[in-house]
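K.L.:
dropping the sequence and predicted coords here.
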Amino acid sequence: MKLLQVQGMNKRFGGLKAVSDLHFDVDKGEIFGLIGPNGAGKSTTLNMIDGSLSMTGGKIFFKGHDISGLSPYKRAGLGIARVFQRDVLFDSFTVLENVLTGLHLNSNLGIKDALMPFSPGTRKKEQDLENKAMELLDFVRLSDRPGMMAVNLPHGDQRSLGLAIAMATNPDLYLLDEPLTGMNAEETSFMMETINKLRDNMGVTIVVVEHNMKAVIGLCDRAAVLDYGVKIAEGTPSEVTADERVIEAYLGTEQDVVSS
Amino acid sequence: METSLSFVLQAIANGLAMGGLYILVALGLTLILSIMGILQLAHGEIYMIGAYLVYYLTSSLGISLYIAILISMGAMGLIGLVLERGIFRPCKGDFLSVITVAIALTLILRSYAVAQFGLFERTVPKLASGSLVFFGVAVPKDRFVAMLIAAAMSVALYLFLKMTRYGQAMFACAQNPEGARLRGINPDLISPMAMMIGCALAAAGGAIAGSIWMLTPTMGTLPLVKGLIIIVIGGMGSLSGAIVAGIFLGLMDGIIPVFFGPVVTSIAPLVIVVLILLVKPQGLFGHG
Amino acid sequence: MDSKRLLSIFGVLLLIVFSFAIAPFLGNPYWSSVLIMIVINILLTSSLRTIFILDEVSLGQVGFTLIGAYVSALVVMELGLSFWAGLILGGVASAFIAMAVGYPFMKLKGIYFSILTLMTTEILRLIAYSWKPVTGGQYGLTGIPSPNPLTLPGIGEINFSSMNNYYYLALTIVLVCLFIMYIIEKSHLSRKWIAIKDADNLALSVGINVMKYKVLNFTIACFFAGLAGGLFAHYQGLLSAGATGRFGVMTTLNLVIYMVIGGKSKFSGPIIGTIAIMLLMEFARPLDNLRPMLVGAVAIIFVLLLPEGIAGLPVRLKSIGKKYVSGVLR
């Protein structure tokens, strides 16, 4: 079943074409890679899927519904979660509070709870949310420091926390923006393991933007390769890395196709 | 017929003179805003102190008006340097801190002026006496001199920004602070210069206003509000936008009172600004 | 409940008792009027800080106070409603207008938002200044009645035309408002506001309707600003909207100073700052015209040396103390 369908997506910034006539489908339960050299339009594409950037043209279908004009928070409500590369977490919060904020959609806290935060009913609701948050922290191995300020976590753990925040929205589709950037070998393998576990245990679908080809091969079932906003190849990782146009696109960049 | 023509011509002359003063204030404001990223809410007070300094120099020391204006510009420029170093640079980057020190500065300068010169209105000598006659209508000469001074200073600023190395660096910094930093321009050298030029221009504006109208300790509020209106209409950081918007605003302020009451005159530009902010916050002449 | 929390609750109760008890000891209407203005300004500064939770600096709170003041005065004078109805309606009118303009307003950030609110306040003031049939124009509204006497069981009739009694009334109302604001500060609502301040795109991506919560923030803040206006109107008995008066730009700018000196990131900050600076202004009377200079100097010193304000002082002293102790021990 097709979970996500991108049809004829276009984005122009002034005269510059950032993404041109992009088509691809993502099946349910798949890990799908969006790859390409820097400036290829991968993050722009991701921004249009989660709704933070409007499209110049084209349509996006999620679970068969046209979501093209919806604002990001509505898409989140339908089951799309985004893990950003930069704004990974909320700086003012502890690790636990970060995940609690992610649980917004699953909480039924209303205006009554705002006016009676210390009432037993509200306390019970918040306690339930805290338990749920701790389970999620357990999944990314952060349950040992719920009270720590999130900004004080090491980089790799911050990215894991970002994933836990996304998991808190209980999504069907994850959009991961360069989840492995800036990580050391150990952190990388833990993150890859976590992403795989996420898919295998919960049957969710994942779109991952990555320029590290090695990671893509280890992670993705299928991938689309972008260059200057145009899709130049699509297929299994081994197919696309063997594609001549892909090799050409990566030539001249500092990056080797397979071994970076 | 003749009286209405005379009204309109005088209104235009008045408006252009006011526009010139607003431009002098707004150029400084926008220079400081775009280079240092700070909203200098005390800029009107610099204008006011500049005017009072001219008053002091002319009335107590008997210095001639034009020399006094130059001295005042230099003195306020120096004060600008001190302010940049002493209070604005340390809180750079924090919006609330900048606003707070600017408000504090407003309180300090205004209360100084009240304590030193009192609440009574003061006057300084006229820029020029007599009138020029156009189509049989007499327009006071000092309005023309004010326009000329404002125009000359705008041109001088333009030449400085285009022709000198320092000015070019400053211009680059105003257009794109990040890009300028990447090109090796040190903002810590440019910022004091921007503050100095801004304060000197404000002092000139204040002195001219004091000579055409009167001096009061609260005279800085109006040009500050007008300056903010101009930088919104012209687009924040755009110097040419500020000049066009300044002339436009000055003409509005000169001509609207001929047909409407003072309230419409004050409200109309504010409403325009609010609408621009809501619809096109980058300004009518801004880019991007 | 731990002992520290008990202690702070006890401390707050003590302060409340003290603030009620102080008025008769000061024993003259002048000091009562100072105290009334302090509590009204506390409410206003707190409303400014509510918006600052979103990291936005409103320079227009006084405009919403103006709406509250005129609406509450007019419904009492023209429609014959009671003080209480006037007060609430003033707050509601202000909140309603805030909600109506909230969506386009809250889209703007930083410098744009500040300038927008500043200009809006001036527009509101000029409207009040010129709309003669309704607001009395430049002569203003006069003869706004003080609240009707209240009969309390066991105490008897309380007449609010006395300064002292009006102070009690204003203090009670402001304490109730502060309590509500404190509750909101501790609830999930303010957690959402902080999340939006930290990273609005991430907040959106976890499903938070960012604009809705921002507009709600603005509406709540302006409700309290409007309420403060009603309190002011019935205390003063007359309203006018001159440029240098109560509704002029300088008033909002002063609120910013109160908030920063008190401590922008603490709930107690606006309360402490307003009391401290307004009392400073009173005790520095001999300085006369130079008093604003003193306040300005204090504000600059705080921004540069103590950015967390008076409320941040304990933490600051503790860290200095620790340094000193470790220095001595070493």
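P.N.:
That came through, no problem. Numbering: from 1, shown residues only, chains lettered A, B, ... in the order given.

K.L.:
which helix or which strand is home to the closest residue to chain C within the stretch 151-288 of chain B?
P.N.:
Chain C sits closest to residue B:263 of the stretch 151-288 of chain B, with a gap of 3.9 Å, by C-beta to the nearest C-beta. For the C-beta atoms, the positions are set from N, CA and C on the backbone; glycine is no exception. Assigned by DSSP states H and E, residue B:263 belongs to helix B:262-279.

K.L.:
by contact count, what packs against that helix?
P.N.:
The helices and strands touching helix B:262-279, judged by 3 or more C-beta pairs under 8 Å, 6 or more residues apart in numbering or on different chains; DSSP states H and E, are helix B:221-234, helix B:239-259, helix C:110-130.

K.L.:
and those helices as JSON lines, adding mean pLDDT?
P.N.:
Putting the helices and strands packed on helix B:262-279 into JSON lines (pLDDT from 0 to 100) gives the following:
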{"stretch": "helix B:221-234", "mean pLDDT": "90"}
{"stretch": "helix B:239-259", "mean pLDDT": "86"}
{"stretch": "helix C:110-130", "mean pLDDT": "92"}
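
K.L.:
which of these sits most buried?
P.N.:
The highest mean neighbour count among those, using mean count of other C-beta atoms under 10 Å in any protein chain shown, belongs to helix B:221-234: a mean of 26.

K.L.:
which helices and strands does the strand or helix carrying residue B:17 pack with?
P.N.:
Using DSSP H and E, residue B:17 sits in helix B:2-36. For helix B:2-36, the packing partners by 3+ C-beta pairs under 8 Å, 6+ apart come out as helix B:43-59, strand B:137-140, helix B:141-163, helix B:165-175, helix B:187-212, helix B:221-234, helix B:239-259.

K.L.:
how many residues are close by residue C:172?
P.N.:
Residue C:172: 13 surrounding residues under other C-beta atoms under 10 Å in any protein chain shown.

K.L.:
got the angle for the helix holding residue B:17 vs helix B:187-212?
P.N.:
On the basis of axes from the mean of the first three to the mean of the last three C-alpha atoms, to 10 degrees, helix B:2-36 is oriented at 160 degrees to helix B:187-212.

K.L.:
closest residue of the stretch 1-150 of chain C to chain B?
P.N.:
For the stretch 1-150 of chain C, C-beta to the nearest C-beta, closest residue to chain B: residue C:130, 3.9 Å.

K.L.:
the closest residue to that residue other than its chain neighbours: how many residues sit nearby?
P.N.:
Closest residue in space to residue C:130, ignoring its immediate chain neighbours: residue B:263 at 3.9 Å, by C-beta to C-beta, 6 or more residues apart in numbering or on different chains. Using other C-beta under 10 Å, residue B:263 is surrounded by 15 other residues.

K.L.:
quick one: contacts for the most centrally placed residue in chain B?
P.N.:
Closest residue to the average C-alpha location of chain B: residue B:25 at 0.9 Å, with C-alpha atoms, centre = their mean. Residues in contact with residue B:25 (C-beta atoms under 8 Å, 6 or more residues apart in numbering or on different chains) are B:43, B:44, B:47, B:201, B:202, B:205, B:223, B:224, B:226, B:227, B:230.

K.L.:
now distance to chain C too, for the residues you listed, in a markdown table please.
P.N.:
Output for these, formatted as a markdown table (distance: C-beta to the nearest C-beta, whole Å):
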| residue | distance to chain C |
| --- | --- |
| B:43 | 13 |
| B:44 | 10 |
| B:47 | 16 |
| B:201 | 20 |
| B:202 | 18 |
| B:205 | 19 |
| B:223 | 13 |
| B:224 | 9 |
| B:226 | 11 |
| B:227 | 11 |
| B:230 | 12 |
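
K.L.:
stretch A:45-55: end-to-end distance?
P.N.:
9 Å (C-alpha to C-alpha, to the nearest Å).

K.L.:
quick one: buried residues of whichever helix in chain A runs longest?
P.N.:
Scanning chain A for the longest helix, with DSSP state H as the assignment, gives helix A:120-139. Across helix A:120-139, burial judged by 16 or more other C-beta atoms under 10 Å in any protein chain shown covers A:122, A:125, A:126, A:129, A:130, A:132, A:133, A:136, A:137, A:139.

K.L.:
stretch A:13-23 too?
P.N.:
Buried, per 16+ other C-beta under 10 Å, within stretch A:13-23: A:17, A:18, A:19, A:20, A:22.

K.L.:
hmm, who's touching that stretch?
P.N.:
Stretch A:13-23 has contacts (C-beta under 8 Å, 6+ apart) with A:6-12, A:41, A:44-45, A:48, A:58, A:226, A:228-231.

K.L.:
which members of these are positioned in strands?
P.N.:
Among these, DSSP state E puts A:6, A:7, A:8, A:9, A:10, A:11, A:12, A:58, A:226, A:230, A:231 in strands.

K.L.:
just the pLDDT at the residue in chain A that chain B sits nearest to, thanks.
P.N.:
With C-beta to the nearest C-beta, the shortest gap between chain A and chain B falls at residue A:14, namely 9.1 Å. As predicted, residue A:14 sits at a pLDDT of 79.
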